[in-house]
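**Student:** Sequence plus the predicted model coming up.
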Amino acid sequence: MTTTIGNKDLLDLPMWRPTAIAPTATSAGTAICGDLRGSDTRGVNLYYLATNALLYKYNFFNNEWITLASPAITNALGAGSDMVHVPHIGPQGTLSAGCSTTSLVLNTSLPAAVGVNQLANRGDGTGYKIRVIGKSSGGSGKTEETYITSNTGGSTPTLTVSPALSFTPASTDGYEILSGKLYILGTGAIGSGTFRSYDIATNSYATLAQANLPTTISTDSHMVSTSEVYNPASKKCGEGIITGAGTYNGGTYGCLTATAAAAGTLTGQSSGGDFVVFTNEYRNFQIRIVEDASTPTAVGQRRRIASHTGSGVAPVYTLASNWTVTPSATCKYVLEYNGDNILLFTTGNGNTYNYSIAGNAWDVSTTWAVRGANMGAGCCGHFAFGAERDPTGNNRHSFLHNIRGGNVNTIDVFDIAGASTGSWSLDIVYGNKGLTAFSTGTCGVASPNSQGGKYYYMNLNGTQRNIRYDMVNRRIEPYGYLEFPQGTAVVGRRVALPTFYDGTTVIPFLTLQRASAAEMFQVMIVS
């Protein structure tokens with residue numbers, strides 16, 4: 001039976017409820033985060049980085065914690081450490097011969113060997129979602145997503161999936177397990193092991209590049225992912241930001257249909273879909289080819305958009321690099337955030353650091369423009385990706401709203417499409433500005449899948465006060481006073497947002513770990 005919520009404003013006030021106590025108390029640099037993608041394809045766990053050697057998982061369906069393998073981060077955890085969840089990243093590679101519409105034989109090894117049926121339960125009895133890409137020569141030219149229902153053991157297991165694919169995958173077709181990955185940044189002097197990743201599906205770690213990071217990480221940091229499965233709440237994960245009349249994934253996902261293609265360009269729709277975009281509105285986003293029956297080997301390619309035309313014409317997307325295989329003139333594609341990026345803001349400088357997931361490399365103020373103002377303790381922020389496209393252009397998916405911290409009331413907006421390396425609008429005007437300053441203990445999380453996807457919820461300065469920032473209408477509002485006293489304010493992420501889905505009913509639960517304590521609380525967000 002579909003869940004019906006009959007809450008009424010004023011009669012039903014936001015009330016915090018206690019949940020399972022975390023295994024340890026928060027301290028400077030601890031971090032809690034989870035999957036923010038839309039719909040019930042999201043993961044069902046929160047992850048808590050407690051020390052450089054302790055990572056925990058909380059199943060919000062079952063209200064309990066377990067200890068994971070040690071992250072083994074260099075140096076002790078402290079002020080400046082951070083962790084971010086990137087939901088679309090997981091094991092990927094190619095398939096071997098012998099596949100069927102319900103059975104996939106992996107060719108590329110997983111990051112670590114898995115046990116029998118390990119991939120068939122992400123924590124709620126449902127297996128991880130897997131994307132199959134018919135990109136081989138003579139292949140189907142299709143992209144379809146399904147769920148793993150069983151698997152053999154080992155590093156190249158055979159997976160059973162349901163629902164069945166509409167095509168039989170061929171040898172060298174691609175697979176991408178959309179299970180998610182954590183990226184963990186340590187503190188102190190930078191060295192090997194300061195920046196690591198945790199692959200959720202295979203419970204395994206990898207040490208990543210640290211060159212071009214600051215010499216020392218301290219005070220506070222905040223990482224933001226531009227995951228390709230971040231899209232408006234009205235869209236399914238995999239549909240991108242704007243859809244047209246085209247479909248893929250067996251007709252269940254919307255997409256856009258090209259009208260021309262060349263080595264370094266793709267031309268969009270001549271009506272509907274992306275015909276309405278403004279010039280360069282989605283610069284630095286990506287195009288992903290999802291179906292091409294004429295040129296199967298073009299499917300699955302992703303390219304960053306260097307620039308594009310728009311404003312009432314079929315947009316011509318100029319790519320940052322040429323296609324490896326030029327798609328056909330009528331290929332199907334989606335327009336998404338460039339899933340390769342993790343942006344880092346850290347105190348003591350105004351740089352915008354960028355980590356390339358595919359390249360395993362950091363750069364400083366090369367991919368993105370320098371802010372021109374330093375961050376301080378309490379820095380945080382996100383994109384309003386859950387909101388619909390604004391036809392006025394006053395709010396755009398390219399806007400990253402950033403709380404500067406440092407005991408000032410400043411909010412800066414970074415437009416990643418504003419120029420070739422983005423553009424900053426510093427110290428914006430917003431409603432109720434001046435009523436508070438953001439300092440040590442301020443931390444937040446986006447709520448993309450309800451209330452128009454516009455709110456960023458924050459615990460204010462590690463106090464009992466909570467606020468939410470309307471990223472679409474640029475206004476601070478009070479929200480949900482915490483009835484339980486906090487401990488000493490500390491920097492780090494202490495809020496996350498598990499979400500309940502039942503058909504069209506979507507209810508996020510703002511989850512807070514008490515400052516300098518282990519107690520956890522949740523409040524149901526319904527207004």
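**Tutor:** The structure has been received and is ready for your questions.
**Student:** so what's residue 286 bridging to?
**Tutor:** Residues in a beta bridge with residue 286, per DSSP bridges, are residue 304, residue 336.
**Student:** That one contacts residue 306, doesn't it?
**Tutor:** No. Counting by CB atoms under 8 Å, residue 286 does not reach residue 306; the two are 11.0 Å apart. Bear in mind the C-beta positions are built from the backbone N, C-alpha and C, glycine included.
**Student:** From the neighbour counts alone, determine which of those two ranks first.
**Tutor:** residue 286 (25 against 16; other CB atoms under 10 Å).
**Student:** which residues touch the more buried one?
**Tutor:** Residue 286 is in contact with 228, 302-305, 335-340, counting by CB atoms under 8 Å, 6 or more residues apart in numbering.
**Student:** repeat that for 7 Å
**Tutor:** 228, 302-305, 336, 338-339 (CB atoms under 7 Å, 6 or more residues apart in numbering).
**Student:** Relative to residue 266, which of those residues is nearest.
**Tutor:** residue 303 (8.0 Å; CB to CB).
**Student:** What strands flank the helix or strand bottoming out on mean pLDDT in the chain, and is each parallel or antiparallel?
**Tutor:** Least confident helix or strand, the chain: strand 499-502 with a mean of 88, by mean pLDDT, DSSP states H and E. Strand 499-502 pairs in its sheet with strand 505-513 (antiparallel), by DSSP bridges.
**Student:** Just checking, which helix or strand succeeds the strand it pairs with along the chain?
**Tutor:** strand 520-524 (DSSP states H and E).
**Student:** quick one, that following strand and strand 505-513 angle?
**Tutor:** 150 degrees (axes from the mean of the first three to the mean of the last three CA atoms, to 10 degrees).
**Student:** for stretch 493-503, how far is the first residue from the last?
**Tutor:** 30 Å (CA to CA, to the nearest Å).
**Student:** contacts for that stretch?
**Tutor:** 2-3, 26, 31-34, 36, 39-40, 42, 46, 60, 82-83, 443-445, 447, 449, 457, 459, 506-513, 515.
**Student:** Could you do stretch 447-454 as well?
**Tutor:** By CB under 7 Å, 6+ apart, stretch 447-454 touches 36, 38, 232-233, 384-387, 455, 457, 470-472, 497, 499, 506-508, 525.
**Student:** Among these, name the ones in strands.
**Tutor:** Of the contacts of stretch 447-454, the ones assigned to strands by DSSP state E are 455, 457, 470, 499, 506-508.
**Student:** ok, for residue 361, nearest residue in space, not its chain neighbours?
**Tutor:** Leaving aside its sequence neighbours, residue 361 sits nearest to residue 209 (CB to CB, 6 or more residues apart in numbering; 5.4 Å).
**Student:** Please apply the same query to residue 208.
**Tutor:** residue 195 (4.8 Å).
**Student:** same thing with residue 433?
**Tutor:** Closest to residue 433 by CB to CB, 6+ apart is residue 409, at 5.7 Å.
**Student:** Same check on residue 284?
**Tutor:** Closest to residue 284 by CB to CB, 6+ apart is residue 416, at 4.9 Å.
**Student:** Can you tell me the SS state at the residue nearest the centre of the chain?
**Tutor:** Residue closest to the mean C-alpha point of the chain, counted by CA atoms, centre = their mean, is residue 227 at 4.1 Å. Assigned with DSSP: H, G, I helix; E, B strand; the rest coil, residue 227 falls in the coil class.
**Student:** Might one say that it is in contact with residue 85?
**Tutor:** No. Using CB atoms under 7 Å as the test, residue 227 is too far from residue 85 to be in contact (8.6 Å).
**Student:** Near residue 92, how many other residues are there?
**Tutor:** Residue 92, neighbours per other CB under 10 Å, totals 17.
**Student:** show me what contacts it?
**Tutor:** The contact partners of residue 92, by CB under 7 Å, 6+ apart, come to 175-177.
**Student:** And for residue 206?
**Tutor:** 111, 196-197.
**Student:** quick one, phi psi at it?
**Tutor:** phi -140, psi 140 (degrees, to the nearest 10).
**Student:** Quick check: it vs residue 225, distance?
**Tutor:** 17 Å (CB to CB, to the nearest Å).
**Student:** Show the backbone phi and psi for residue 78.
**Tutor:** phi -170, psi -170.
**Student:** from what I can see it touches residue 30, true?
**Tutor:** No. Applying CB under 7 Å, one finds residue 78 not in contact with residue 30, separated by 9.5 Å.
**Student:** Comparing the two, which residue is more hemmed in?
**Tutor:** residue 30 (26 against 21).
**Student:** Thank you kindly, that will do.
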